[in-house]
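Undergrad: Provided below for reference: sequence and predicted model.
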Amino acid sequence: MKLPVLCLALLVAVPFFAPPAAAAERNVLFIITDDESPTLGCYGDPVAKTPAIDAVAADGAVFLNAYATTASCAASRSVVMSGLHNHRNGMYGHQHSYHGFESWKTVVSLSLPRVMAGAGYRTGLIGKYHVGPELVYRYETYLKGNTRSPVEMAENCREFIAGADDDRPFFLYFATSDPHRGGGVDDSSRLELKPNRFGNKPDRGAYPGIEEVFYDPAEVPIPHFLTDNPEAREELAQYYQSVSRIDQGVARLVEILKEAGVYDKTLIVFTSDHGMAFPGGKTTVYEGGLRVPFVVRNPYEPKRGVRHEALVSHIDITPSLLDFAGGLDRDRNRPKKFVNAGKFWEDYPEVAKDNLGPKLDAYHGKSWVPILGDGSAEHWEMLHASHTFHEIQMYYPMRVVRDRRYKLIWNIAHGLPYPFASDLWTASSFQAQYRKSLDAPYGQKTVGEYIHRPAFELYRIDEDPHESRNLAGDPEYSEILREYQEKLRAMQQELGDPWILKWEYE
């Protein structure tokens, strides 16, 4: 019996349109941007055009109180990829060039790409890496692409996501350079101090596959840590354009996941290494530096559209992704297939004779996977932040402890003027105020107060979320100050912070 022509056509067409029947389960797509605050529609930003990320958030969970542990690129990424504070994993500052910081070799037992591979995943990275040693943070596959062109990056991940010749689930680390400062200044500006382009092309140019979104400087909101001046507005307009470019990369990634038949088999996590690249944000331990976007879509979680109030930290990322993968020993808070670092490095005799670093056998962070569907669930009662360097010449160690009521900052090197990252010092938004005088306002402080800081800063963070009033010198808060100093010291002791010694002799 002959089949009708239409039926034959349908039979022929099915293989081309049906997703792979045996696509691997429990894949992980981890997206990390560079210097981005929660300037997204799903966080209530009034101007941000970020429909793709907002859609992922609506189908998952938005963490409203997510924090980096340090607002410095390489140091933060070492935390993301190790589950350990940077003061413990050894990457105290930048990894590249003459800065030269890298993690202890004992981190190999806990590092994200290593433990995901140990859990049976094929691991891939595209974009900004910025950690070391490579043997510690080794991925199986390194993909290439212009990190200022997220759609191009996404397209270059297509074959890896499909994984036609490999039935293992995938873990993809997708790291843009947007919206980091870069690319020079916008010479078309009429201002004397020109805005940085934040990676945007000059003359309203566009990257491949991108429909650039342009923002009106008059309409952008001014963060609490900046001063409303024409220079800040022009720089923020450039920043927001870069943010919208990222969103189009996310849209293309979602499209590729769906075409590969794995969208409903893939955990999507979206975050940034730390806050936006403005003085008062990046390199500080103020809210503008540490508060980050954090969106999670777990396709296996029945409750969606969750607005999560829990305090979460970048130290939680590695144990959480490993937990999702089924590879976390929750009792020991370490990989089920734990690899002894000493034995690992025996295969590298030229390395084994070196100081491998401190014993590391558990994560500082903990998994948020069990609470994704419950927006009222608690995670941490208290968070810790740890900054020591950014660039090598920027020694200014700070330690932070905060809960929902109070936040204490210890400026260990408070006798020094606060150091500026090279790109932040030249920021037109800051220079416009600096050139006026040290008494000129800058955010919640004066320029002089921003540069010269006291030993301790205590904020009633629930009532003063913009950190406008330092209570450390107020006699009414002397007991609270002592209480949180002790909490900070205890946390340093628990987390193995070498800078705890500064309590004794400085």
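TA: Here it is on my side, so go on.

Undergrad: Following the helix or strand of the chain with the lowest mean pLDDT in sequence, what is the next regular element?
TA: Using mean pLDDT, DSSP states H and E, helix 5-17 stands out as the lowest-scoring helix or strand of the chain, at a mean of 41. Later in the chain than helix 5-17, the nearest helix or strand by DSSP states H and E is strand 27-33.

Undergrad: Mind giving me the packing neighbours of that following strand?
TA: With contacts taken as 3 or more Cβ pairs under 8 Å, 6 or more residues apart in numbering; DSSP states H and E, strand 27-33 sits against strand 170-175, helix 230-259, strand 266-272, helix 317-324. Glycine gets a C-beta too; all of them are placed from N, C-alpha and C.

Undergrad: Can you tell me the strand partners of that strand and which way each runs?
TA: Here strand 27-33 has these sheet partners by DSSP bridges: strand 170-175 (parallel), strand 266-272 (parallel).

Undergrad: give the contact list for residue 178.
TA: Taking Cβ atoms under 8 Å, 6 or more residues apart in numbering, we find residue 178 in contact with 33, 34, 36, 147, 148, 150, 198, 199, 242, 243, 245, 246.

Undergrad: Where do the helices of the stretch 351-500 of the chain begin and end?
TA: Here the stretch 351-500 of the chain has its helices, by DSSP state H, counting those that start in this stretch, at 422-425, 428-434, 447-451, 478-494.

Undergrad: So which of those helices has the densest surroundings on average?
TA: helix 428-434 (a mean of 21; mean count of other Cβ atoms under 10 Å).

Undergrad: what helices or strands is it leaning on?
TA: Counting by 3+ Cβ pairs under 8 Å, 6+ apart, helix 428-434 packs on helix 230-259, strand 441-442.

Undergrad: Show me the contact partners of that helix.
TA: Under the contact criterion Cβ under 8 Å, 6+ apart, helix 428-434 has outside partners 185, 191, 193-196, 226-227, 229-232, 234-236, 278-279, 424, 440-442, 447.

Undergrad: please redo it, this time with the cut-off set to 6 Å
TA: Here helix 428-434 makes contact (Cβ atoms under 6 Å, 6 or more residues apart in numbering) with 193, 195, 227, 229, 231, 232, 235, 278, 279, 440, 442, 447.

Undergrad: any chance of the residues you listed in CSV, plus pLDDT?
TA: Shown next, in CSV, are the contacts of helix 428-434 (pLDDT from 0 to 100):
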residue, pLDDT
193, 98
195, 98
227, 97
229, 98
231, 98
232, 98
235, 98
278, 98
279, 97
440, 98
442, 98
447, 98
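
Undergrad: Between those, which sits nearest residue 313?
TA: residue 278 (22.3 Å; Cβ to Cβ).

Undergrad: ok, so what distance separates residue 75 from residue 64?
TA: 24 Å (Cβ to Cβ, to the nearest Å).

Undergrad: Out of those two, name the residue with the larger neighbour count.
TA: The neighbour comparison of residue 75 against residue 64 (other Cβ atoms under 10 Å) goes to residue 75, with 31 against 19.

Undergrad: Surely that one touches residue 91?
TA: Yes. Assessed by Cβ atoms under 6 Å, residue 75 is found in contact with residue 91 at 5.4 Å.

Undergrad: which element is residue 88 on?
TA: Counting by DSSP H and E, residue 88 is found in helix 86-89.

Undergrad: and that helix, how far from the chain's centre?
TA: Its chain's C-alpha centre and that of helix 86-89 lie 16 Å apart, by Cα atoms, centre = their mean, to the nearest Å.

Undergrad: Tell me the buried residues in the helix or strand just after that helix?
TA: Elements were assigned by DSSP H and E; along the chain past helix 86-89, the next helix or strand is helix 112-118. Within helix 112-118, the residues that qualify as buried are 112, 113, 114, 115, 116, 117, 118, counting by 16 or more other Cβ atoms under 10 Å.

Undergrad: Which of those sits closest to residue 156?
TA: Nearest to residue 156 among these is residue 113, at 18.4 Å by Cβ to Cβ.

Undergrad: list the contacts for that closest one?
TA: Listed by Cβ under 6 Å, 6+ apart, the contact set of residue 113 reads 123, 137, 138, 139.

Undergrad: Could you identify which of these has the most neighbours?
TA: Counting neighbours by other Cβ under 10 Å, residue 137 leads these with 25 neighbours.

Undergrad: give me the element that one is part of.
TA: Applying DSSP H and E, one finds residue 137 in no helix or strand.

Undergrad: The one 5 residues further on now?
TA: Here residue 142 sits within strand 141-143, counting by DSSP H and E.

Undergrad: so what does that strand touch, helix or strand wise?
TA: strand 122-127 (3 or more Cβ pairs under 6 Å, 6 or more residues apart in numbering; DSSP states H and E).

Undergrad: Could you check the angle the strand it packs on makes with strand 170-175?
TA: Relative orientation of strand 122-127 versus strand 170-175 (axes from the mean of the first three to the mean of the last three Cα atoms, to 10 degrees): 10 degrees.

Undergrad: ok, residues contacting strand 122-127?
TA: Strand 122-127 is touched from outside by 113, 116-117, 139-143, 145, 147, 153, 157, 160, 166, 168, 170-176, with contacts defined as Cβ under 6 Å, 6+ apart.

Undergrad: Which strands border it, and is each parallel or antiparallel?
TA: In the sheet, strand 122-127 lines up with strand 141-143 (parallel), strand 170-175 (parallel) (DSSP bridges).

Undergrad: Show the average pLDDT along the longest one.
TA: Read it as strand 170-175. Mean per-residue pLDDT for strand 170-175: 98.

Undergrad: Would you mind measuring from residue 214 to residue 241?
TA: According to Cβ to Cβ, residue 214 stands 6 Å off from residue 241.

Undergrad: out of the contacts of helix 428-434, who's nearest residue 208?
TA: residue 195 (24.2 Å).

Undergrad: Neighbours of the closest one, how many?
TA: 26.

Undergrad: I figured it hits residue 234, correct?
TA: Yes. The pair residue 195 and residue 234 passes the contact test of Cβ under 6 Å, sitting 3.9 Å apart.

Undergrad: Can you check which residues contact both of the two?
TA: Both residue 195 and residue 234 are in contact with residue 189, where contact means Cβ under 6 Å, 6+ apart.

Undergrad: which stretches of this protein aren't confidently modelled?
TA: Counting by pLDDT under 70, the chain contains low-confidence ranges at 1-22.

Undergrad: 50 instead, please
TA: Residues of the chain that meet the criterion pLDDT under 50 lie in 1-20.

Undergrad: ok, and the most crowded of the contacts of helix 428-434?
TA: Most surrounded of the contacts of helix 428-434: other Cβ under 10 Å gives residue 235, at 32 neighbours.

Undergrad: That one and residue 217, how far apart?
TA: 9 Å.

Undergrad: who touches both of these two?
TA: Counting by Cβ under 6 Å, 6+ apart, nothing touches both residue 235 and residue 217.
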